[in-house]
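A.B. asks: Pasting a predicted model and its sequence here:
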Amino acid sequence: MATAARSIDTQSQAHIPHPEAVVVRFAGDSGDGMQLTGGQFTLSSALAGNDFATFPDFPAEIRAPQGTLFGVSAFQINFGASEIDTAGDAPDVLVAMNPAALKTNVKDLKPGGLIIADEGEFNARNLAKAQYDVNPLEDDSLGKWQLVHFNISQLTMDAVKPFGLGNKEALRCKNMWTLGLALWMFDRDREPIIQWLKDKFAKSPILADANIAALNAGHAYGETAEIGNPGAVPIPRKHVDAAPADPGLYRTINGADAAAMGLVAGCQLAGVKMFFGGYPITPASSILHALARFKEYGVTTFQAEDEIAAIASAIGASYAGQLGVTSSSGPGIALKTEAIGLAVMTELPLVIINSQRGGPSTGLPTKTEQSDLYQAVYGRNGDTPLPVISARSPSDVFDCAIEAVRIATQFMTPVILLTDGYIANAAEPWKVPDMSSYKPFPVSFLDHVPEGGFKPYGRDNKLARPWVKPGTPGLLHRIGGIEKEVDTGHLNYSPANHQAMTDIRKGKVDGIAAHIPDQDVCLGTEGGKLAIVGWGSTFGPIHQAVRRMRAKGHDVSHIHVRHIWPMPGNLGDLLKSYDKVIVPEMNTGQFKTVLRDQFLIDAKPLNKVSGQPFRIAEIEAAIEEALA
Amino acid sequence: MNDMTPIQKSSPKDWETDQEVRWCPGCGDYAILKAVQRTMPELGRKPEDTVFISGIGCSSRFPYYMETYGFHTIHGRAPAVATGVKLANPDLDVWIITGDGDALSIGGNHTMHLLRRNLDCQILLFNNEIYGLTKGQYSPTSRVGTKSPSTPFGSVDRPATPCAFALGSGARFVARGFDVSKHLPDVLKAAHAHKGAAFIEIFQNCIVYNKDVFEDFAAPKGAEARQLWLEDGQPMLFDGGSKGIAMDMETLTLKVVGVAEGGWQAAGVIVHNVKNRAIAHMLVEMPFGEFPMALGVLYDDPRPTYDSAVTEQNAKLSEGKTPDLQALISKGQTWTVE
């Protein structure tokens, strides 16, 4: 089969168009396996050498009622022959596995884009559930798009018939049939997917064989349609060339795995063991899942009884000499807030990861937002400063996690690392770094009485207090949440001491600015008409929009801020070197407000809180308007 | 509670800090502090290997007065902090100091889960049936009708029974004592000898906001008749041996029986077996008045601890594996660009 496929490929190669980039969205019922299909298509894109970005978008319900509009699960991938920064504004191809998937997704499809629909699912019952009065495959309501439809359900059933599966099990192979067709459409090798299926179903070879048969059948359908097999609908085919990339080993990475591995890397560079206290919450749980498998790396994971216990146990572990880490999403971070204050007061290292989601309250658990910036920077009782950093993409979480560990252990402070639902779930290619290129930052536990006596709240030149492990003779001391006396750490409520300690805590965190890189301009020039200033996962759309507008000759630059608090020392002057500053954010203007407050600049907001990432076009429009 | 032999036995003085004790004069906490400081040298652990962890409330100031490592945390969260401490360093001897509000109200969830998991530590719950540090509001253990600033006409909700809560949560060691009792050090020693979560309820007299609420059984005068001190393998006798606790076989509940001239067996008095969980449930629920107050070690039946299970699993899964970070990040869906 593979041989036959190759020969057809060779014949038809010349006729296949080679676009720069293509956006494909797979949409189906939550039970249709669209995330799996998307994940494997991503792998095949990676192996084909494309650059890519993905955007999984799934419902909050685990098993939403079949066929409903709110039960639709989608996976979008943008893959290209040049640099890809976002999952794409609008799909070129929409695969719709049922009427609900068509209805909720078709409006995003580019005019003239291709719809592939499983007509087997467009029955009266499913049409009614999707609130279609008339079958859209049969009227002309989809006229502005190219439409191909065939009975994927039946074709799958036929393909897996020899394996004697039940109806339900047979139909579950539908996603592999669809994937097979997609692999044919984009001229991809099936072999790695076949290998993956064999591994996945190693314990059940029949299911492996059935899924492989479905995959091959989908692929063959494309082939036979092309060579004019009667009854088959011809399908357009495209080949996206490999993107130029530095030589080396690459892998796909999502934000959660990057966080887990970055924390392990950070702890190795610091020379400490890691304790991770977590409580299940979407979309942060996957960090706990990943770390739970890393025991040989000196990681202890603890699924606590609640968010508070998760952070409190991490603080306990830090006190005992490991690096405590906890992660959550907005509502969970809210519960951890009092304990974060304790970590600030007791000056213990701690890393807190917030995978932000739509709020307030329970909000939009599976959708992305950047609305916890105030919470991270300001959201505690008392004057309670702590460093905040943010990751811009899935792979960037790896380096940000290392940076968080560095700051926490070097400055004896809790650090908040902001990611979001998009970063946590989305995948991108990542050139695997050479770990020997990272500079270690070993911690030194105090293990003897220093000259001049032991001061639990004495300071080094970074204003960090000593880290002492219980079990160390001669250094017995008590810590707690009550105001500490300068140097001794004894209880002290006196006005002068509280003033002094408040100043020290602020001075310590402010001082971190001298130990982080200066702010750079990631695209464009220092000074000019317009700077687009972003943080977090808006990096991709801002970067592409600025690149495109610069290509058109506009004077616009992109500044991306990783260190939210304290900010790089040169940031104020840098921002003041532009006539205008726009801050696109997936919130109502939180970073904009912080920038205004810190630098008295007239930063303008560009806000989006729909639970969806920015489109490149939205930022391009804002740039155009600002420069008009 | 590892068996470590100290090079030189310490004295109670070695466990005292130089900090001024800030409880109200006459507070029961002083007696408990003394009892703990007197007990520590007997336990064979060094001060530097010992950590006292507390929440918030009068009792939770305790760590400041112990010459050990100490962590005065936030309200209700001491069990969670202690879990992190013990998992990070299982060799430490961990003591949790808490109160009725701290452990059973704001921190009830953590207390329950620490006991369920069976973390190896001692939990000393100072029960004074009142919120002292916030100036006298009724607490989750206050009796119905308690008049306080927040219940000026008397509280109307039923109190929790700490030892019943502990047993219900899965505790494998439950004991009771009271602040000025001479038996308290023995109870502390038994708790320390138990490998696992050892829960001790210590009735503590708040002389300012809830004075003498335990006098009905704690007062020295007539104590014999009102206190049932339990000892493993010994009959449940009180009031100078003239009374005992027996099982009413018809209702399957406990009853008080008279014992004539040492004939406790004839009277059907139960022999205390610290491993009998069913009887332990009955002992902690005995209504005082009709029954004496059950004190001492009510239940002691160790099970493998959470910290040892975590340590074992970590060790087992790490066995023979090299923590190669470069290999870890190079796994997954990979490809090479030439």
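C.D. replies: Received, thanks. What you are looking at is a predicted structure, and each value in this text was computed from that prediction instead of being measured. Numbering: from 1, shown residues only, chains lettered A, B, ... in the order given.

A.B. asks: My read is that A:L69 contacts A:A100, right?
C.D. replies: Yes. The pair A:L69 / A:A100 is scored as a contact, 4.9 Å apart, by Cβ atoms under 8 Å. For glycine as for every other residue, the C-beta is placed from the backbone atoms N, C-alpha and C.

A.B. asks: Low-confidence stretches in the chain?
C.D. replies: Unless you meant another one, I'm taking chain A. A:1-15, A:227-232 (pLDDT under 70).

A.B. asks: could you do chain B instead?
C.D. replies: Chain B contains residues with pLDDT under 70 at B:1-7.

A.B. asks: again, only using 80
C.D. replies: Counting by pLDDT under 80, the ranges of chain B that qualify are B:1-8.

A.B. asks: can you give me the helices in it?
C.D. replies: B:28-39, B:78-88, B:100-101, B:108-117, B:162-168, B:184-193, B:215-218, B:223-226, B:277-285, B:306-318, B:325-329 (DSSP state H).

A.B. asks: Please identify the most buried of these.
C.D. replies: Burial of these is given as mean neighbour count (mean count of other Cβ atoms under 10 Å in any protein chain shown); helix B:78-88 ranks first at a mean of 31.

A.B. asks: State the distance from A:F276 to A:I504.
C.D. replies: As judged by Cβ to Cβ, to the nearest Å, A:F276 and A:I504 stand 29 Å apart.

A.B. asks: Those two: who's more crowded?
C.D. replies: Just comparing A:F276 and A:I504: by other Cβ atoms under 10 Å in any protein chain shown the higher neighbour count belongs to A:F276, 29 against 17.

A.B. asks: Just the element for that one, please.
C.D. replies: Using DSSP states H and E, A:F276 maps to strand A:274-278.

A.B. asks: Can you tell me which helices and strands the helix or strand just after that strand packs against?
C.D. replies: Downstream of strand A:274-278, the next assigned helix or strand under DSSP H and E is helix A:285-291. Identification of packing neighbours for helix A:285-291 by 3 or more Cβ pairs under 8 Å, 6 or more residues apart in numbering or on different chains; DSSP states H and E yields helix A:255-270, strand A:274-278, strand A:299-303.

A.B. asks: can I get these in JSON lines with distance to A:L288?
C.D. replies: Putting the helices and strands packed on helix A:285-291 into JSON lines (distance: least, Cβ to Cβ, whole Å) gives the following:
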{"stretch": "helix A:255-270", "distance to A:L288": "9"}
{"stretch": "strand A:274-278", "distance to A:L288": "4"}
{"stretch": "strand A:299-303", "distance to A:L288": "6"}
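
A.B. asks: which of the ones you listed is buried the deepest?
C.D. replies: strand A:274-278 (a mean of 29).

A.B. asks: wait, does that strand contact chain B?
C.D. replies: Yes. For strand A:274-278, a contact with chain B is found by Cβ under 8 Å from any Cβ of the partner chain, at A:275, A:277.

A.B. asks: Okay, angle between that strand and helix B:78-88 too, please.
C.D. replies: Strand A:274-278 runs at 150 degrees relative to helix B:78-88, counting by axes from the mean of the first three to the mean of the last three Cα atoms, to 10 degrees.

A.B. asks: now what about strand A:274-278, what contacts it?
C.D. replies: Contacts with strand A:274-278, where a contact means Cβ atoms under 8 Å, 6 or more residues apart in numbering or on different chains, come from A:263-264, A:267, A:284-285, A:287-288, A:291, A:297-304, A:309-314, A:317-318, A:322-328, B:84, B:87-88.

A.B. asks: Partner strands of that strand and their direction?
C.D. replies: Strand A:274-278 has the following sheet partners, assigned by DSSP bridges: strand A:299-303 (parallel), strand A:323-328 (parallel).

A.B. asks: Buried ones in stretch A:202-219, by neighbour count?
C.D. replies: Buried residues in stretch A:202-219, defined by neighbour count with 16 or more other Cβ atoms under 10 Å in any protein chain shown: A:207-219.

A.B. asks: Now tell me what touches that stretch from outside.
C.D. replies: Applying Cβ under 8 Å, 6+ apart, the contact partners of stretch A:202-219 are A:1, A:5, A:152, A:155-156, A:158-160, A:162-165, A:169-170, A:173-174, A:176-184, A:190, A:193-194, A:197-198, A:200-201.

A.B. asks: Among those, which are located in helices?
C.D. replies: Under the assignment DSSP H, the contacts of stretch A:202-219 contribute A:5, A:152, A:155-156, A:158-160, A:169-170, A:174, A:176-184, A:193-194, A:197-198, A:200 to helices.

A.B. asks: From the residues you listed, list the buried ones, please.
C.D. replies: Buried subset of these (neighbour count, 16+ other Cβ under 10 Å): A:5, A:152, A:155-156, A:159-160, A:170, A:174, A:176-184, A:193-194, A:197.

A.B. asks: residue contacts, the nearest residue to B:D120 once chain neighbours are set aside?
C.D. replies: Nearest non-adjacent residue to B:D120, counting by Cβ to Cβ, 6 or more residues apart in numbering or on different chains: B:T305, 4.3 Å away. Applying Cβ under 8 Å, 6+ apart to B:T305 gives the contacts B:118-120, B:195-197.

A.B. asks: most surrounded residue in the residues you listed?
C.D. replies: The most crowded member of these, judged by other Cβ under 10 Å, is B:A197 (32 neighbours).

A.B. asks: so how far is B:G44 from that residue?
C.D. replies: From B:A197 across to B:G44, the span is 20 Å (Cβ to Cβ).

A.B. asks: Looking at the stretch 101-250 of chain B, which residue is nearest chain A?
C.D. replies: For the stretch 101-250 of chain B, the residue closest to chain A is B:H113, as judged by Cβ to the nearest Cβ, at 4.0 Å.

A.B. asks: Verify the contact between that residue and B:R77 for me.
C.D. replies: No. Contact criterion Cβ under 8 Å: B:H113 and B:R77 do not qualify, at 11.8 Å.

A.B. asks: Give the intersection of the neighbour lists for the two.
C.D. replies: With contacts defined as Cβ under 8 Å, 6+ apart, the residues adjacent to both B:H113 and B:R77 are A:A309.

A.B. asks: which residue is nearest the middle of the chain?
C.D. replies: Defaulting to chain A. In chain A, the residue lying closest to the centroid (Cα atoms, centre = their mean) is A:I423, at 1.1 Å.

A.B. asks: if you could check chain B rather than the one you did, that'd help
C.D. replies: By Cα atoms, centre = their mean, chain B has its centre lying nearest to B:I200, at 2.3 Å.

A.B. asks: who touches the residue nearest to that residue when sequence neighbours are not counted in this structure?
C.D. replies: If the residues on either side of it in the chain are set aside, B:I200 comes closest to B:A175, at 4.7 Å by Cβ to Cβ, 6+ apart. When contacts are counted by Cβ under 8 Å, 6+ apart, B:A175 touches B:187, B:190-191, B:198-201, B:296-300.

A.B. asks: How about A:G534?
C.D. replies: Neighbouring residues of A:G534 by Cβ under 8 Å, 6+ apart: A:392, A:542, A:558-561, A:583-585.

A.B. asks: quick one: it from A:Q370, how far?
C.D. replies: To A:Q370, A:G534 is 10 Å away according to Cβ to Cβ.
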